[in-house]
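Trainee: What follows is a predicted protein model with its sequence.
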Amino acid sequence: MPQDSAPIRIAQADHSAPTTGGEHTEVGHDHEEFKLGDIPAPYMLFGNAVCVALVMIGLFKAMRRKQAVPSGWGNFGEYLVESMVNFTTGIIGPGGEKYVPLVGTLFFFILGSNLWGQIPGFHSPTANLSTTLALGLIVFVYVQYIGIRSNGIVAYIKHFMGPMPAVAPLLLPIELISEIVKPFTLAMRLFGNIFGEDTVIVVLATLAITMMPKQIAGFIPFQLPILILGLLTAFVQAMVFGLLTCIYISLQSHHDSEHDGQHHAPGHGFPGIEESALVP
């Protein structure tokens, strides 16, 4: 029998025979490999997220340079801020400017995280459920805070009971469940799209290696169409997350306008919502 079969025979014997905990753990780690779909190591997830945050901070610093006549990065930064203000106020309505820091930070972090996975050798932080769930919980906690601060604790609770006390026992559990699942729907939507996109890229790149000769496999990017589509998907998913965040804030803060004497409901009188085609 060839000598190279001896290690295999030993490894099998070690796996089946009773061994100490330390020896068994060591053998398991020797054969452990990262597979598609596995949760990456915490240092990988944390490192990529930190890299995205550092890039955001660097761009933010470059855009904040005070100039009499903005140009270059400064002009581009003003364009981004103005776009985020219009986007937020168009959905939330008057007073939506104060939510631009939250919505803008979430949008650009998610956009940068989505695009980060397009760089060879890096991993999209949003392709992991722990990251997207953390983002969803941030939105959930902030939205509840806005609801309590804007309406008071009594009106906040009545918001889940509906307009008629007779149907409150029926509506209360339904409204509570729909509110609790919001961070999970935000997380699963973002995670599923980005993870699915990364999976397709890996599958197509693997097909190029297995189907083509080794000499030319590395020069034929089968995954190039998905990479181009991924640029659009990255932007769309970040925009959808920001859009839903604005809608959730609007649903909880609409009593602000009533306190000011403007009896408007979300989607029925706020300037900018009808024009944005969000309401048919």
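Mentor: Alright, I've got the coordinates. Residues are numbered from 1 along each chain as shown.

Trainee: Excluding chain neighbours, what is closest to Val243?
Mentor: In this structure residue 243 is Leu, not Val. Nearest residue to Leu243 in three dimensions, chain neighbours excluded: Ile91, at 6.7 Å (CB to CB, 6 or more residues apart in numbering). Just so you know, the C-beta spots here come from the backbone N, C-alpha and C atoms, and that holds for glycine as well.

Trainee: Return the distance of that neighbour relative to Gly196.
Mentor: 27 Å (CB to CB, to the nearest Å).

Trainee: which residues of the stretch 51-200 of the chain score low on pLDDT?
Mentor: Within the stretch 51-200 of the chain, the stretches with pLDDT under 70 are 65-72.

Trainee: The nearest residue to Gly96 once chain neighbours are set aside and Leu111: what is the separation?
Mentor: Spatial nearest neighbour of Gly96, excluding adjacent residues (CB to CB, 6+ apart): Thr89 at 4.0 Å. According to CB to CB, Thr89 stands 20 Å off from Leu111.

Trainee: Equivalent analysis for Glu97, please.
Mentor: From Glu97 to Leu111 the distance is 21 Å (CB to CB).

Trainee: between those two, which one's more packed in?
Mentor: Legend: neighbour count by other CB atoms under 10 Å for Glu97 and Leu111, higher for Leu111 (21 against 12).

Trainee: Please name every helix or strand in contact with the host helix or strand of Gly147.
Mentor: For Gly147, the element it lies in under DSSP states H and E is helix 129-158. Judged by 3 or more CB pairs under 8 Å, 6 or more residues apart in numbering; DSSP states H and E, helix 129-158 is in contact with helix 42-63, helix 100-116, helix 182-211, helix 224-253, helix 255-259.

Trainee: ranking those helices by burial, who's on top?
Mentor: Of all the helices and strands packed on helix 129-158, helix 100-116 has the most neighbours on average by mean count of other CB atoms under 10 Å, namely a mean of 21.

Trainee: Compute the inter-axis angle for that helix and helix 182-211.
Mentor: For helix 100-116 against helix 182-211, the angle by axes from the mean of the first three to the mean of the last three CA atoms, to 10 degrees is 20 degrees.

Trainee: Give me the angle between the helix or strand Ile91 falls within and helix 42-63.
Mentor: Ile91 is part of helix 73-92, with elements assigned from DSSP H and E. Calculated by the same axes, to 10 degrees, helix 73-92 forms an angle of 110 degrees with helix 42-63.

Trainee: Helix 73-92 vs helix 224-253, what angle?
Mentor: Using the same axes, to 10 degrees: helix 73-92 against helix 224-253 is 50 degrees.

Trainee: Which strands and helices lie in contact with helix 73-92?
Mentor: Contact partners of helix 73-92 among helices and strands, from 3+ CB pairs under 8 Å, 6+ apart: helix 42-63, helix 100-116, helix 224-253.

Trainee: Please tabulate these in TSV, including the columns distance to Val154.
Mentor: Below are those laid out as TSV (distance: least, CB to CB, whole Å):
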stretch	distance to Val154
helix 42-63	39
helix 100-116	26
helix 224-253	14
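
Trainee: Would you mark the buried spots in the helix holding Gly147?
Mentor: Residues of helix 129-158 classed as buried by neighbour count (16 or more other CB atoms under 10 Å): 129, 131-133, 135-136, 138-140, 142-143, 146-147, 150-151, 156.

Trainee: if we can go back for a sec, pull out the CA atoms of the helix holding Ile91 and give them to me as PDB.
Mentor: C-alpha atoms of helix 73-92 as PDB (Å, rounded to 0.1, in the frame of the first residue of the first chain):
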ATOM      1  CA  TRP A  73     -15.200  66.700  -3.100                       C
ATOM      2  CA  GLY A  74     -16.800  69.700  -1.300                       C
ATOM      3  CA  ASN A  75     -19.200  70.200  -4.200                       C
ATOM      4  CA  PHE A  76     -20.000  66.500  -4.400                       C
ATOM      5  CA  GLY A  77     -20.600  66.400  -0.600                       C
ATOM      6  CA  GLU A  78     -23.100  69.200  -0.800                       C
ATOM      7  CA  TYR A  79     -24.900  67.400  -3.600                       C
ATOM      8  CA  LEU A  80     -25.100  64.200  -1.500                       C
ATOM      9  CA  VAL A  81     -26.400  66.100   1.500                       C
ATOM     10  CA  GLU A  82     -29.000  68.000  -0.500                       C
ATOM     11  CA  SER A  83     -30.100  64.700  -2.100                       C
ATOM     12  CA  MET A  84     -30.500  63.000   1.200                       C
ATOM     13  CA  VAL A  85     -32.500  66.000   2.600                       C
ATOM     14  CA  ASN A  86     -34.800  65.900  -0.400                       C
ATOM     15  CA  PHE A  87     -35.200  62.100  -0.100                       C
ATOM     16  CA  THR A  88     -36.000  62.200   3.600                       C
ATOM     17  CA  THR A  89     -38.300  65.200   3.600                       C
ATOM     18  CA  GLY A  90     -40.100  63.800   0.500                       C
ATOM     19  CA  ILE A  91     -41.100  60.700   2.500                       C
ATOM     20  CA  ILE A  92     -41.400  61.900   6.100                       C
END
